[in-house]
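J.: okay, here's the prediction I keep looking at, along with the sequence it came from:
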Amino acid sequence: MTEVARPLDGEVALVTGASSGIGEATALALAQAGAAVAIGARRVDRLDALASRLSASGARVLTLPLDVTDERACADAVDRTRSELGGLDVLVNNAGVMLLGTIVGADPEDWRRMVSTNVLGLMYMTHAAIDGMVEQGSGDVVNISSVAGRTARKGAGVYNASKWAVNAFSESLRQEVTARGVRISLVEPGAVATELSSHITQPEAREASRQMAQGMRTLQAEDVARAIVYVVTQPPHVAVNEVLVRPTDQER
């Protein structure tokens, strides 16, 4: 029987925030589509468990202990991916934190964590990868934003700001590199059943997030991963620059 070619056969992907949730599901989905996958995150024990699953499926995998707030570590992750897996075709900037809460009475440390991870970390990873993609005349950078990058709401002001920054950065970069064969895409999930809300430090905001999720059929991480694979498996002349994916019954 002839083996059926998979759409990402021969390509190399790097996924940040791969130790759980959307990142983990995306790494598995990209590998299923044929890609060799570099997986980066801070929780090495979880990365090792994911690497075992990927290897068992026949995928080539590289484990990268990675804190995206460390600019040098981001550059090293890209360098290792290229040297050990043979290139870099797809970068999925998924690492992020969602520390919802009011601005009045907030702990600015939560703000620093969100800006450092959601904005600067994404920029560091993109900066490390983009020159090589421009030189090879191809590549996909997929930035995981949020519905919060489109609609501001009370109790999420700084998280909103971090995701609006991702959207603005992505569109500016898209205009800069689109003629060079590199595609820049945004995937903006709505409510997803992940552990993000457990990181919220304000008790009232954490409870509000929990109640909102209970009131709808939330997305699963695999739903978002399918959207990401759709984006990066389009023909070279097709760019899907923005995908908003949310639960059917999520109002905003």
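T.: Cool, got the structure. Numbering: from 1, shown residues only.
J.: what's near enough to touch residue 154?
T.: residue 102 (CB atoms under 8 Å, 6 or more residues apart in numbering). All C-beta spots, glycine's among them, are computed from the backbone N, C-alpha and C.
J.: so which residues of this protein form helices?
T.: 21-32, 44-56, 71-85, 108-114, 122-136, 157-177, 203-214, 221-232 (DSSP state H).
J.: now the weakest link among those helices, please, by mean pLDDT.
T.: Here the lowest mean pLDDT among these goes to helix 203-214, at a mean of 62.
J.: in stretch 229-243, which residues are buried?
T.: 229, 231-233, 239-240, 242-243 (16 or more other CB atoms under 10 Å).
J.: need the winner for burial among the helices of the chain.
T.: Each of the helices of the chain was assessed for mean neighbour count using mean count of other CB atoms under 10 Å. The highest is helix 21-32, with a mean of 25.
J.: and the angle from it to helix 221-232?
T.: Angle, helix 21-32 to helix 221-232, by axes from the mean of the first three to the mean of the last three CA atoms, to 10 degrees: 50 degrees.
J.: coming back round to it: now, which of the buried residues of stretch 229-243 sits nearest residue 38?
T.: residue 232 (14.6 Å; CB to CB).
J.: still on that earlier bit, can I get the helices of the chain in TSV with distance to residue 10?
T.: Output for these, formatted as TSV (distance: least, CB to CB, whole Å):
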stretch	distance to residue 10
helix 21-32	13
helix 44-56	17
helix 71-85	11
helix 108-114	36
helix 122-136	13
helix 157-177	22
helix 203-214	39
helix 221-232	13
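J.: any chance of the buried residues of stretch 229-243 in a markdown table, plus distance to residue 141?
T.: Shown next, in a markdown table, are the buried residues of stretch 229-243 (distance: CB to CB, whole Å):
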| residue | distance to residue 141 |
| --- | --- |
| 229 | 15 |
| 231 | 10 |
| 232 | 10 |
| 233 | 15 |
| 239 | 11 |
| 240 | 13 |
| 242 | 13 |
| 243 | 14 |
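J.: chain center to stretch 173-187: distance?
T.: Its chain's average C-alpha position is 16 Å from that of stretch 173-187, according to CA atoms, centre = their mean, to the nearest Å.
J.: oops, could you answer that again for stretch 10-30 instead?
T.: Per CA atoms, centre = their mean, the centroid offset for stretch 10-30 relative to its chain is 8 Å.
J.: what distance separates the start and the end of it?
T.: End-to-end span of stretch 10-30 (CA to CA, to the nearest Å): 12 Å.
J.: please apply the same query to stretch 83-99.
T.: Stretch 83-99 end-to-end distance (CA to CA) = 35 Å.
J.: in that stretch, what counts as buried?
T.: Quick answer for stretch 83-99 (16+ other CB under 10 Å): 85, 88-99.
J.: just want the most central residue of the chain.
T.: Centroid check for the chain by CA atoms, centre = their mean gives residue 94 as the closest residue, at 1.8 Å.
J.: that residue against residue 14, yeah?
T.: No - at 10.2 Å, residue 94 does not count as touching residue 14 under the criterion of CB atoms under 8 Å.
J.: got the contact list for residue 242?
T.: Residue 242 touches 185-186, 188, counting by CB under 8 Å, 6+ apart.
J.: err, residue 84, not the other one
T.: 38, 62.
J.: do residue 86 as well
T.: 12, 36.
J.: start the count at 28 instead of 1 going forward.
T.: From this message on, residue numbering opens at 28, which makes the last subject residue 113.
J.: now it: how far from residue 58?
T.: 15 Å (CB to CB, to the nearest Å).
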